[in-house]
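J.: I need the structure of the sequence given here:
(one chain, ligands or ions: 1)
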Amino acid sequence: TILVLDFGSQYSHLITRRLRELNVYAEMLPCTQKISELTWKPKGVILSGSPYSVYAKDAPHADPAVFDLGVPILGICYGLQELAWALGGTVGGSDKREYGHALLKPVDEHFLFEGIDDFQVWMSHGDKISALPTDFKVIATTDNAPFAAITHTSKHIYGIQFHPEVTHTKQGKKLFHNFAINVCKCEQNWTMENFIDTEIERIRTLVGPTGEVIGAVSGGVDSTVAAKLLNTAIGDRFHAIYVDNGVMRLNETKQVYDTLTAGLGINLKIVDASDVFLGKLKGVTDPEKKRKIIGNTFIEVFEEESAKLDAASGGKIEYLLQGTLYPDVIESISFKGPSQTIKTHHNVGGLLENMKLKLIEPLRELFKDEVRALGTLMGIPEELVWRHPFPGPGIAIRILGEVTPSQVEIARKADYIFIEEIRKAGLYNKISQAFACLLPVKSVGVMGDQRTYEQVIALRAIETVDFMTADWYIFEANFLKTVSRRIVNEVAGVARVVYDITSKPPATVEWE
Ligand code: XMP
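T.: Numbering: from 1, shown residues only. Just a heads-up that it's a prediction; the model follows:
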């Protein structure tokens, strides 16, 4: 395992990412981690970049014990300056901030650059070192950085000013290969198959021979993959609960039931609480209130059901399954500077506060695409593995205004047609998320000889990498024509269809 110490750079998690792509296991911890408190010995340490300057009063510093571990160390950007700072070099403010592409010039052949033939690298820094620490030498320069890469003359300590973890550094992955595999001698055994075996063993040991686990499933990829892992590890001692909140998509509950039980053999209980949810949503139009009501009601229903299951099992339920992914974990462990409190991902909407359950999070080391790969390996249907995300509050936040059973029906049917056509056109996997929104306005139309006065459906389809920013999807005109015709003809209550051509920002993905 490689230990990645995070000093708060926006790129830190990409270091872990690149190492995993080499099948090398890496774990990221905040730079404040005490080395004496580590329960495992890393084979190498990487110090990340940071928005700080090492000489700033509140600059973060690594535990000096890092340098006594006796394992290879690679400092990236701030990590390089941290090395220099800790080992007696000098770091100065650069006269100009260097940001963007640069061409690295190796001083002579060095094994850190083995196999690299394109030396385009990405720079993003303000400070740079102005004098080498004792016993260090330069191994590469750029036009603007005489100390672009340095190494200790006898120890495996390296510092690089550029960012090999970002894709703008053309062959950054090779550099990680050279460091992790050639220098640190890490094994390339972090594969999904190994992950499944280890995780199943870990779950069995944790839960013991008679313990039981509960968990909510939504029909989305994360909760399904997590549930399948638990089911493989402990069979029916894992109880999945699916709460039908009345604002899921058309036919969704039945589909989830069929896939999870008949398809995947998961011990699943469907709780139909539609009336409870819709009852509480009556008269509510404020989006945040809708979210709160749905979130709180979910907790109430889930707690009630788990209490029943616990009683039925004779009090053997000890664990709650959560489909937490690595990005949530990163969010909670990243170094945020001394002034910011660190957010905890354990805050799952208050679920754990009342329930005396321990958490089990089998996906907490995985990125989304790794969860998908795992799902495919575990036999989860491709259609589910590649499903678009669906918000917890469901179509309640896609019905602007009051959520009533008849509005739910209109929104559901329109959404169903849109998605069906997207699938037919072979576009589903090209689009990141698509849905229909029901607007609380009426507009005049004409059908046959009749004047109509009905509501408007807005279609939304976006492409995005991370959902932080998004572009609207450009459909062929004929595709939109088909969808519009079908919705107006087949969904009673809709007289007009519009397409949302706003990117995020300034708009959000959802309408509420
Ligand atoms: P926005 O609308 O914030 O959406 O641009 C970004 C992504 O988040 C999803 N989303 C939610 N997911 N509960 C959820 O579980 C919510 O309240 C919620 N609001 C937005 C949205 O579907 C999109 O994928």
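
J.: In contact with the residue of the stretch 201-350 of the chain found nearest the ligand, which residues?
T.: The ligand sits closest to Arg291 of the stretch 201-350 of the chain, with a gap of 5.0 Å, by C-beta to the nearest ligand atom. For the C-beta atoms, the positions are set from N, CA and C on the backbone; glycine is no exception. With contact taken as C-beta atoms under 8 Å, 6 or more residues apart in numbering, Arg291 is in contact with Gly392, Pro393, Ile397.

J.: right, and the helix or strand after the lowest-mean-pLDDT helix or strand in the chain?
T.: Within the chain, no helix or strand scores below helix 351-354, which has a mean of 60 by mean pLDDT, DSSP states H and E. Sequence-wise, the next helix or strand downstream of helix 351-354 (DSSP states H and E) is strand 358-360.

J.: Contacts made by that next one with the rest, please.
T.: Contacts of strand 358-360 (C-beta under 8 Å, 6+ apart): 203, 206-207, 213, 215, 230, 318-322, 346, 352.

J.: quick one: the helices in the protein?
T.: With helices called from DSSP state H, the chain shows them at 12-21, 78-86, 172-177, 192-207, 221-234, 252-257, 274-281, 287-312, 326-333, 351-354, 368-377, 382-385, 405-424, 477-490.

J.: Count the neighbours of Val121 for me.
T.: 27 (other C-beta atoms under 10 Å).

J.: Excluding chain neighbours, what is closest to Thr90?
T.: Ala131 (4.0 Å; C-beta to C-beta, 6 or more residues apart in numbering).

J.: Could you check how far the one you found is from Cys437?
T.: 60 Å (C-beta to C-beta, to the nearest Å).

J.: The two: which has the busier surroundings?
T.: Per other C-beta under 10 Å, whichever of Ala131 and Cys437 has more neighbours is Cys437, with 22 against 13.

J.: residues contacting the more buried one?
T.: Contacts of Cys437 (C-beta under 8 Å, 6+ apart): Arg398, Ile399, Leu400, Ala411, Ile457, Ala458, Leu459, Arg460, Asp500, Trp511.

J.: what's next to stretch 271-287, contact-wise?
T.: 241-247, 253, 290, 293-294, 297, 301, 305, 396-397, 401-405, 408, 512.

J.: swap the cut-off to 7 Å and go again
T.: By C-beta atoms under 7 Å, 6 or more residues apart in numbering, the surrounding residues in contact with stretch 271-287 are 241-247, 290, 293-294, 297, 301, 305, 396-397, 401-403, 405, 512.

J.: Name the nearest residue to His239, ignoring sequence neighbours.
T.: That would be Ile214: by C-beta to C-beta, 6+ apart, it lies 4.7 Å from His239.

J.: beta partners of the one you found?
T.: His239, Leu320 (DSSP bridges).

J.: Distance of it relative to Ile417?
T.: For Ile214 relative to Ile417 (C-beta to C-beta), the value is 36 Å.

J.: Equivalent analysis for Leu112, please.
T.: Counting by C-beta to C-beta, the gap from Leu112 to Ile417 is 56 Å.

J.: sorry, back to before: hey, least reliable of the helices of the chain by pLDDT?
T.: Out of the helices of the chain, helix 351-354 stands lowest, with a mean of 60 (criterion: mean pLDDT).
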